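Enquirer: Here is my input; please provide its structure:
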Amino acid sequence: MTDATAEFVQRFQSLGLDGSPCSNDEIDNVEQRAGLRLPAAYRAYLRIAGRQPPAALVGSDCTIRHLPYLRDAANQLLEQGGQARLPQNAFVFLMHQGYQFMYFVADGQSDDPPVHYYLEGELRVVRNFERFSGFVATCVQDQ
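Expert: As a prediction, the model looks like this:
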């Protein structure tokens, strides 16, 4: 685990984030399948809640077993709505009930990237959080 990831783990635990963690090998496998290096904040989230999410996310597809399928499902939803496909380095980390999803761009520029959101029927994708850590803080508040 990198120093940046360890710092986010500590920060998220101090906020009260809970769940069931993924191993480093599982996270490495997700990166290999996606062909992306995940940002430290998201790697930290997976180290705490990658197998079982916090209460605020129960019912959403956001665990490690769902991750390999979310990008394709998100692109299908965008296409059905007449929207452009996801950016090349987009990583979809959450889909809810097949009609809304969240992603960040894993371009190596930020350890804590902005989170984008799409809701079926909307005219465009919107930036929902300035940082992934802001998304995590909201999840903890909603528990």
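Enquirer: drop to CA atoms for contacts and neighbour counts, all remaining ones
Expert: Noted.
Enquirer: which residue sits farthest out from the middle of the chain?
Expert: No residue in the chain sits farther from the centre than residue 82, which is 23.5 Å out by CA atoms, centre = their mean.
Enquirer: quick one: it from residue 121, how far?
Expert: Noted for residue 82: a distance of 9 Å to residue 121, by CA to CA, to the nearest Å.
Enquirer: Check what pLDDT the residue nearest in space to the middle of the chain gets.
Expert: Nearest to the centroid of the C-alpha atoms of the chain, with distances taken as CA atoms, centre = their mean, sits residue 93, at 3.0 Å. If you check residue 93, the pLDDT there is 98.
Enquirer: was I right about it contacting residue 105?
Expert: No. Residue 93 lies out of contact with residue 105 (CA atoms under 8 Å); the separation is 10.6 Å.
Enquirer: so what's the nearest residue to residue 2 once chain neighbours are set aside up against?
Expert: Excluding its sequence neighbours, the residue lying closest to residue 2 (CA to CA, 6 or more residues apart in numbering) is residue 40, at 7.8 Å. By CA atoms under 8 Å, 6 or more residues apart in numbering, the residues touching residue 40 are 2, 4, 5, 8, 111, 112.
Enquirer: pLDDT-wise, what's the bottom of these?
Expert: Across the contacts of residue 40, the smallest pLDDT goes to residue 2, namely 80.
Enquirer: now it: how far from residue 100?
Expert: In terms of CA to CA, residue 2 sits 31 Å off from residue 100.
Enquirer: Compare these two and say which is more crowded by neighbours.
Expert: Counted by other CA atoms under 10 Å, residue 2 and residue 100 do not tie: residue 100 has more neighbours, with 18 against 9.
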